[in-house]
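> whatever this is, show me its structure:
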Amino acid sequence: MRRIDRIYQYIQKKSALYKKEDLTGRVGIGAEEVAEDLGVLRSNVSRELNALQRQSKIIKFSGRPVLYFDKKILEDLCDTTFGEGPLLFDSLEKCVQTDTDKKSPFDSLIGAEGSLKKQVEQAKAAILYPPDGLHTLIVGQTGVGKTLLAHMMYEYGKLIGRFSEDSPFITFNCADYYNNPQLLLAHIFGHIKGAFTGADNSKAGLIERANGGILFLDEIHRLPPEGQEMIFYFIDTGNFNRLGETTRNHQAKVLIICATTEDPNSVLTQTFVRRIPNIIKIQPLSERSVYEKIEITKLLFAGEVQRINKPVKISLEAIKALIGSIDSGNVGQMKSNIKLICAQAFLNGIDNPDYIEIDFKMLPAQIKNGLLTLSANRKDLAVVNHAINESIYITPTGGSLFLKENNDEPFNLYQMIEKKINLLKGEGIRNDLIKQILTSDVDAYIKSFYKKQNDMHMSMKDRLLKIIDCDLIDFTEKISFEVQKCLKLISQERFLYAFSLHLSIFFKRLKSHQLLPENAIEGTIDQEGKEFQLALLIKKKIEEHYHVRVPDSEVGYFAILLSSLKEEDASIDKIMIIVLMHGMHTATSMAEVAKKLFSTDDSNLIAFDMPLEVRPQEIFEKVIAKLQGLKYSQGILLLVDMGSLCNFGPMIMERLKVPVKTIDMVSTPVVLEAMRKADIVGIGLQDVYDSLKNFKGYETSTKFENREKGELLEAIVTVCSSGQGAATKLKEMIEDILINIENRQIQVIPVGVYNLEKSLRKIKKDYRILATVGVVKPNIDVPFIPLEKVVNGEIETILYNLLDIGIVKKIPKMKNLVLRNFCEDSLQEFLTYLNPSKVIDTLLSFDQILEKSLQVNLNNPLRVRLIVHCGCALERMIIGKGLIYDDDLPKIDTHKLECVKKAAVIFENSIHITLTDDELCFIAEMI
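Numbers count the residues shown, from 1 in each chain. Sure thing, here's the model as predicted:
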């Protein structure tokens, strides 16, 4: 018998000895007991027990020691059913509830055990109080949940037998007729024929209709004093009269629940208030706990998900903004905000068949401001970060979970194309336009997927082998050679990604007999085009290689894919440069000079003159109109001279939803430099902007004179998949290293792997490239420093040796700029209360003392993990939530623990924080 089976059998045997009356608190068997009885190492027992818990075979009870119990036996003993997945509870009472508790409507009320606990107790008492309950007044701002609480009181009354299942619950808003007190009273108490003009017949009122149940009177402060008098007389005696009658000869048994947004002592008569013994005050949403706000937000999103019947993914920043925007509107206002946001997201994501995405960018301005409000409250911000550390994904079944990547079908061309074609054909769009739109969409789809996969930092084949088999990759590679002969594709890698994944989905459909309709994309493909003919060839090769029949409809999908790949490589958008200046011809003259010097008529440079008599708003509208027909997806660089033109950037950004950067005090050299930088493929808007901020003109650098002498500026090129992520970060790190070098003007330029060699050729026109750093080694004859050398901290030594500066070997590890930068950036994301820039030196000193005590040299990745962990441990000490080193975890090497304790003294001496023994154990366990 396997060890895990022996342990499971032991847990079953011991669990079976329990009786129902023994079930209280923490029950079960500990790892120590299992280890002793079975003669197995305790660490191995803990490992197997945790595996059994993950398999949902046993239940784990936390504490000291940790206990385990057989799941099925506990379900039988408690006459209940637990869900699937790893089950962890503090005690038996937490996981097993009585039938009455399960059915109580208050169990579903968020805050019933928190901020609303007193109110729930009052509500229950109002229903339970003999003989017929207590009349109740609920007080609270609009939207706090007064009506919801009244409904829950009614449901609770039915649960405990106070009301029958068919007892009425009548709701009436007194504000509906507050301008006509006579009609208001007639609605509540009824009226006789002739009681007022138009009363042609006698009619029963709400009190009679509510007999045997509850009458809920909302906005009771709108009831006139005579009406309040009639209500409290009814409360006292149970008798009432209809409007127009002189004697109170009607009787009813009704529990009155009133609600108001006002101060009862100011708007209600004192005699009426005295008749209402139970007053429940509900605090506004802004005064409730952050955890409750989060749960309410998730609940409201879940309600919208049910309506639109489609999952919704909400980013963490969007949730923070929503919670921070809670003010006087309470739950009602928040519900309206979420409805509006979901509606907008539904429209934006109409082409996404999988889910609707809500992020911070799409929120209205007043809700976005909530992020700043929440950020100002560091305590609440810490709670939100602790409760939600990823996006939330809510499904129509009501479940909400932290979003995880789903790699089952990461690339599904069918879903995207089918949905798009149905939508476009339904709108009556012509087939030739549908083809153009499809090609563009597939291009974006492939580019997005390719970038996401590239960011995983694995080889191409390794990434594909995770989801498709080796033979399919090899076959696709052979197909790619045929494609390159006909279409001359530049990006073979991207073709391999897109086509191999598409074929994988195709074969899955073929095996499950999910064939496509023959006319699915009929009319949208040019059957005479080169792509379609090549698609026919691919169809033939698939049939020959795999001995299957490829449906004719599949050829159209192949053609669309080929078309998008070909067109994707045909053009690259550049940064749009706009020159805006006061005067009659200033901007246009400057742009003309720049175009002539560059011998180009480039459409990514446009100029606008603003005569002094013209209003700025007119020029702004001209700029927007001009941009409508141009490509500016890479962002807009605004070059202006002064005054109101400096404010155009945020206005353009708001109108066109595109990044905009503004440089003022523009001159002809600035325009020239902007054009030169923007022309280098792979350089982003931020990098061009950063370089221009410090640009002082060409005359100080003698760039043109140096060129004539055959001399170029020096540069180091950083490379990543996009040219904007890791490459920009590497640029910052290298600049920090080079900052102390005198008499050397070395530029650091980030680029992307796409069209890398072309980008490098353009850079070499202006610079002498000293080295390249990053994820890909370019095909040029200069030193290459791989990314792992950066992570390991070797780049400083390499660069200084490369530049013939021999002092770096004397730099102590504590001054390692790469390590410092990595650690400080990571701590910026994790710490809320501590300032990373203030504690980083102390943490680096701790590492230095620890390594000296241990007489070891830790590698940089381990140093980063250790320093970040220690930073988080210090913050846990501040908020009083230190980790507990569980008995299940491995025993600690006493020598390592003593070294950690010795090094940790620096925290007490420098920042007056003492780590607990448990936290010190975790640090020792790391090393």
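
> show me what contacts I906?
842, 845-846, 849 (Cβ atoms under 8 Å, 6 or more residues apart in numbering). The C-beta positions use only the backbone N, C-alpha and C, and glycine is treated the same way.

> how about a cut-off of 6 Å?
I906 makes contact with 845-846, according to Cβ atoms under 6 Å, 6 or more residues apart in numbering.

> next one: it from L844, what distance?
I906 sits 10 Å away from L844, going by Cβ to Cβ, to the nearest Å.

> avg pLDDT for stretch 129-139?
For stretch 129-139, the mean pLDDT works out to 89.

> again with stretch 908-920
What stretch 908-920 shows for mean pLDDT is 88.

> how far does it stretch from one end to the other?
13 Å (Cα to Cα, to the nearest Å).

> where along the stretch 201-350 of the chain do the helices fall?
Using DSSP state H, counting those that start in this stretch, the helices of the stretch 201-350 of the chain run over 206-209, 225-237, 264-267, 270-275, 290-308, 316-324, 330-348.

> which one, of those helices, ends up nearest to K631?
Proximity to K631 (Cβ to Cβ) singles out helix 330-348 among the helices of the stretch 201-350 of the chain, at 21.1 Å.

> I296 versus the residue most central in space within the chain, what's the distance?
When Cα atoms, centre = their mean is applied to the chain, the residue found nearest the centroid is S315 (2.2 Å). Distance, S315 to I296, by Cβ to Cβ: 18 Å.

> give me the below-cutoff pLDDT ranges for the stretch 601-750 of the chain.
Along the stretch 601-750 of the chain, segments meeting pLDDT under 70 span 601-603, 629, 676-683, 694-711, 721-729, 739-744.

> check the stretch 151-300 of the chain too.
Those would be none, if you go by pLDDT under 70 across the stretch 151-300 of the chain.

> 90 instead?
The stretch 151-300 of the chain contains residues with pLDDT under 90 at 156, 158-166, 173-205, 222-251, 265-267, 269-277, 284-300.

> what's the answer for the stretch 751-900 of the chain, then?
For the stretch 751-900 of the chain, applying pLDDT under 90 flags the ranges 751-841, 851, 855-869, 871-873, 875-895.

> would you state the strands of the stretch 1-150 of the chain in chain order?
Per DSSP state E, counting those that start in this stretch, the stretch 1-150 of the chain carries strands over the ranges 29-30, 58-61, 67-70, 87-89, 136-139.

> ok, now which ones touch the closest residue to L496 other than its chain neighbours?
Closest residue to L496 apart from its sequence neighbours, by Cβ to Cβ, 6 or more residues apart in numbering: T476 at 5.6 Å. Taking Cβ under 6 Å, 6+ apart as the criterion, T476 is in contact with 496, 499-500.

> neighbour-wise, which of those residues leads?
Most neighbours among the contacts of T476, by other Cβ atoms under 10 Å: F499, with 25 neighbours.

> where does that one land on pLDDT?
Per-residue pLDDT puts F499 at 75.

> ok, the one 5 residues further on next?
Confidence at S504, expressed as pLDDT, is 74.

> how many residues are close by the residue nearest to A387 when sequence neighbours are not counted?
Leaving aside its sequence neighbours, A387 sits nearest to I294 (Cβ to Cβ, 6+ apart; 5.5 Å). Residues near I294, counting by other Cβ under 10 Å, number 20.

> I figured I294 was touching V383, is that so?
No: taking contacts as Cβ atoms under 6 Å, I294 lies outside contact range of V383: 8.3 Å.

> quick one: the helices in the stretch 451-600 of the chain?
Ranges of helices in the stretch 451-600 of the chain, per DSSP H, counting those that start in this stretch, are 460-465, 470-487, 492-511, 530-546, 552-568, 586-597.

> tell me which of the ones you listed sits most buried.
Mean neighbours per residue, mean count of other Cβ atoms under 10 Å, is largest over those for helix 552-568, with a mean of 22.

> tell me the mean pLDDT for that helix?
Helix 552-568 carries an average pLDDT of 70.

> got the angle between it and helix 470-487?
Calculated by axes from the mean of the first three to the mean of the last three Cα atoms, to 10 degrees, helix 552-568 forms an angle of 60 degrees with helix 470-487.

> so which elements touch helix 552-568?
Secondary structure elements in contact with helix 552-568, counted by 3 or more Cβ pairs under 6 Å, 6 or more residues apart in numbering; DSSP states H and E, are helix 431-454, helix 530-546.

> ranking those helices by mean pLDDT, which is last?
Across the helices and strands packed on helix 552-568, helix 431-454 has the smallest mean pLDDT, namely a mean of 55.

> that older thread, among the helices of the stretch 201-350 of the chain, which is nearest D37?
Smallest distance to D37 across these (Cβ to Cβ): 41.7 Å, for helix 290-308.

> which of the residues in the closest one are buried?
Across helix 290-308, burial judged by 16 or more other Cβ atoms under 10 Å covers 290-302, 304-305.

> please apply the same query to stretch 241-251.
Residues of stretch 241-251 classed as buried: 241-245, 248, 250 (neighbour count, 16+ other Cβ under 10 Å).

> equivalent analysis for stretch 641-651, please.
Going by neighbour count (16+ other Cβ under 10 Å), the buried part of stretch 641-651 is 641, 645-646, 648-649.

> how close does the residue nearest to the centre of the chain sit to K758?
Relative to K758, S315 is positioned 35 Å away (Cβ to Cβ).

> for F507, same thing?
F507 is 36 Å from K758, by Cβ to Cβ.

> coming back round to it: and the buried residues of stretch 641-651, which two are furthest apart?
Maximum pairwise distance among the buried residues of stretch 641-651 (Cβ to Cβ): 13.8 Å, between D641 and G649.

> got a markdown table for the strands of the stretch 1-150 of the chain, with distance to R768 and mean neighbour count too?
Output for the strands of the stretch 1-150 of the chain, formatted as a markdown table (distance: least, Cβ to Cβ, whole Å; neighbours: other Cβ atoms under 10 Å):
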| stretch | distance to R768 | mean neighbour count |
| --- | --- | --- |
| strand 29-30 | 69 | 21 |
| strand 58-61 | 63 | 24 |
| strand 67-70 | 67 | 24 |
| strand 87-89 | 61 | 16 |
| strand 136-139 | 77 | 24 |
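
> lowest-confidence stretch among these?
strand 87-89 (a mean of 76).

> and that strand, what does it pack onto?
Taking 3+ Cβ pairs under 6 Å, 6+ apart as the contact cut, strand 87-89 packs with strand 58-61.

> if you set the cut-off to 10 Å instead, what comes out?
Packed against strand 87-89 by the contact rule (3 or more Cβ pairs under 10 Å, 6 or more residues apart in numbering; DSSP states H and E) you find helix 42-54, strand 58-61, helix 92-95.

> partners of it, with directions?
strand 58-61 (parallel) (DSSP bridges).

> C-alpha coordinates for the partner strand, PDB please?
Output of strand 58-61 as PDB, limited to C-alpha atoms (Å, rounded to 0.1, in the frame of the first residue of the first chain):
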ATOM      1  CA  ILE A  58     -10.000  15.200   4.600                       C
ATOM      2  CA  ILE A  59     -10.800  18.400   6.400                       C
ATOM      3  CA  LYS A  60      -8.100  20.500   8.100                       C
ATOM      4  CA  PHE A  61      -8.700  22.400  11.400                       C
END
